[in-house]
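In: okay, sequence plus prediction incoming.
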Amino acid sequence: MRLARTVPTALAVAVSLPALGIAQYTPRWHVGDWWIVKTRMPSMSGHGWQWQYERYDVLSVEKVDGRDCFVLLEKYGDTTSVCAGVRTLYYVRTDDFRVARRVEYYRQAGRLIGPVTTDYGQGMLGTLPGALLPLFPLDDAGVPDSTFRYFKPQSADLRQFTGQADSASLRGCLDDPGPSYGHPVPLRGGRVFSVLSEMGAPGEAGRPKVPDTYTLQLWSEDYPWCIYGEWGQYKPRGGGVRSSSVRNWLIACGSSGSGP
């Protein structure tokens, strides 16, 4: 079995800000939390789909450029072991959940290469491939942020729309994803935030930027990782119909001493 992306038992926190009248949400992680994600992506052969599994473990808290960061291990391989498989470490800031450092290990000609370390001084938003993180905190005000903002080292600008997910969206996204191992985690009654992030590129002849690719995620107060995510493109480019290429579901979670 190969790994997928999922979430720990530690509950995400919703912080009430009475002065603003907005309830906000940021994940709450603890050292020892782990989660497993199941991902559907196009087959390497170009025909049909293939399934992949990834495991994440919160290993420790360390400093990068003087700021506390969760050390998040992402690995492909045996989901029952922290050590097996090809690994990437993400140093995720504890305050704003931006990626400050990535340490990669990969295989080349049968050999394990690494570590290869990349630092992101301004903090990187998670992008595929790898840990996918939106701009936190999320809120349920339902007011879209329609401004494109540039975040290095990405090659295009980004804007994000956040609100509470409706029941129809939840049903459509959290339907059982297929015959492979693992089922989506259950809803537990907490609020679920829908987060649509769009990547933009300059329009022709100096026109305003238009969305080209997107990610859609569902974040639940009951889990510190998204319970559903998809990545894809707009067809036609510029805000047409969304066409997903990759979809993933959180299928298991826990903390040290529990589960796989």
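Out: Happy to help now that I have it.
In: the helices in the stretch 51-200 of the chain, which residues?
Out: 167-174 (DSSP state H, counting those that start in this stretch).
In: quick one: low-confidence parts of it?
Out: 77-86, 126-130, 141-147, 149-156 (pLDDT under 70).
In: can you rerun that using 50?
Out: Under the criterion pLDDT under 50, the flagged ranges of the stretch 51-200 of the chain are 153, 155.
In: what about the strands in it?
Out: With DSSP state E, counting those that start in this stretch, the ranges of strands along the stretch 51-200 of the chain come out as 67-76, 86-93, 99-108, 111-124, 138-139, 145-150, 157-164, 192-201.
In: so which of these is nearest Tyr25?
Out: strand 138-139 (4.7 Å; Cβ to Cβ). Yep, even glycine has a C-beta here, placed from its N, CA and C like the rest.
In: where does Arg28 fall, secondary structure wise?
Out: Using DSSP states H and E, Arg28 is not contained in any helix or strand.
In: hang on, the earlier thing: reformat the strands of the stretch 51-200 of the chain into a markdown table and put mean neighbour count and distance to Trp35 next to each item.
Out: Output for the strands of the stretch 51-200 of the chain, formatted as a markdown table (neighbours: other Cβ atoms under 10 Å; distance: least, Cβ to Cβ, whole Å):
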| stretch | mean neighbour count | distance to Trp35 |
| --- | --- | --- |
| strand 67-76 | 19 | 10 |
| strand 86-93 | 21 | 13 |
| strand 99-108 | 16 | 17 |
| strand 111-124 | 13 | 21 |
| strand 138-139 | 22 | 18 |
| strand 145-150 | 12 | 27 |
| strand 157-164 | 19 | 22 |
| strand 192-201 | 21 | 17 |
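In: okay if I get those as a markdown table plus distance to Pro177?
Out: Converted to a markdown table, the strands of the stretch 51-200 of the chain look like this (distance: least, Cβ to Cβ, whole Å):
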| stretch | distance to Pro177 |
| --- | --- |
| strand 67-76 | 19 |
| strand 86-93 | 23 |
| strand 99-108 | 27 |
| strand 111-124 | 28 |
| strand 138-139 | 24 |
| strand 145-150 | 29 |
| strand 157-164 | 23 |
| strand 192-201 | 17 |
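In: so which of the ones you listed gets nearest Tyr214?
Out: Closest of those to Tyr214 is strand 192-201, at 4.9 Å (criterion: Cβ to Cβ).
In: pairing partners for the next helix or strand after the closest one, with directions?
Out: Per DSSP H and E, the first helix or strand lying C-terminal to strand 192-201 is strand 210-220. Using DSSP bridges, the strands paired with strand 210-220 are strand 192-201 (antiparallel), strand 228-235 (antiparallel).
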